[in-house]
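Enquirer: Give the three-dimensional model of this entry:
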Amino acid sequence: MSTTDYPDLEINIDDILEENPEDKKETPLRPGASTAPVSGGSRTAAPTEQPWRIDGGLHGIGDDLENRVRSWRNLVRLLKQHRPQLETAAAEREKLIEALGRIVPEVVASGATLKTALDKTQSGDLSDNLAGHFSKNLKALEELEEVAEALTGNLVWMRSVWEQYARTIVQAQTMREEMEKSGNRS
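Expert: Model (predicted):
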């Protein structure tokens, strides 16, 4: 059946068969493939072998593309999940560093006051409230310990999130390189 039976089609199959194949880029043949004249004389040479094999056929190509799209989507989701976690961990870290900056001078000041009171007591002056100085220094040290523990937990959390984020970035870069390589082969 000829395409001339369909008036809305602009391409005629006879025109396609009579075109010179050198005018168009051909599908690569397997190494050693040859072309032989087609019987009928007026038509151009046609390959005797089929183009490279398509693994999995046409469905395989579709499945492969779907898998690649799914992988890219998953990477995008992972990046979207990791970014807010990193931002949250960094914001918390900033607050903890500020708290550390506030508590360290308190620890130093209360420790110096306690030392002065102890020195006075050793020289015979019992007028200072040693119990109050010990309590104040202990309270400052406990706050320091809380901030240090929170900073340590934040550091472990931030490292974990950062490593996950970095692995995702490396995976995305690897997929990008594979895509570029496969695009250059075409």
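Enquirer: ok, then the element right after the helix or strand harbouring Leu65?
Expert: Assigned by DSSP states H and E, Leu65 belongs to helix 57-122. Next helix or strand after helix 57-122 toward the C-terminus (DSSP H and E): helix 130-185.
Enquirer: other SSEs contacting that next one?
Expert: Counting contacts by 3 or more Cβ pairs under 8 Å, 6 or more residues apart in numbering; DSSP states H and E, helix 130-185 is packed against helix 57-122. Where you see a C-beta, it was placed from the backbone N, CA and C, and this is true even at glycine.
Enquirer: what angle separates the helix it packs on from helix 130-185?
Expert: 160 degrees (axes from the mean of the first three to the mean of the last three Cα atoms, to 10 degrees).
Enquirer: I'd like the mean pLDDT over helix 57-122, please.
Expert: Helix 57-122 carries an average pLDDT of 91.
Enquirer: do you know how far Gly60 is from Ala90?
Expert: Per Cβ to Cβ, to the nearest Å, Gly60 is found 44 Å from Ala90.
Enquirer: Domain boundaries for this protein, per the record?
Expert: As given by automatic domain parsing, the domain ranges for the chain are 3-47, 75-185.
Enquirer: Val156: neighbour count?
Expert: Neighbour count for Val156, taken as other Cβ atoms under 10 Å: 11.
Enquirer: meant to ask about Leu130, not that
Expert: So Leu130, with other Cβ under 10 Å, has 13 neighbours.
Enquirer: dump the residue contacts of it.
Expert: Leu130 is in contact with 114, 117-118, 121, counting by Cβ atoms under 8 Å, 6 or more residues apart in numbering.
Enquirer: tell me which of these is nearest to Glu94?
Expert: Nearest to Glu94 among those, counting by Cβ to Cβ, is Leu114 at 30.8 Å.
Enquirer: Let me see the contact set for the residue nearest to that closest one when sequence neighbours are not counted.
Expert: What sits nearest to Leu114 in space, not counting adjacent residues and going by Cβ to Cβ, 6 or more residues apart in numbering, is His133, at 4.3 Å. Counting by Cβ under 8 Å, 6+ apart, His133 makes contact with 110, 113-114, 117.
Enquirer: hmm, which of the residues you listed are the buried ones?
Expert: When those are checked for burial by 16 or more other Cβ atoms under 10 Å, the buried set is 110, 114, 117.
Enquirer: my read: the last one touches Ser127, true?
Expert: This means Ala117. No - using Cβ atoms under 8 Å, Ala117 is not in contact with Ser127, being 9.3 Å away.
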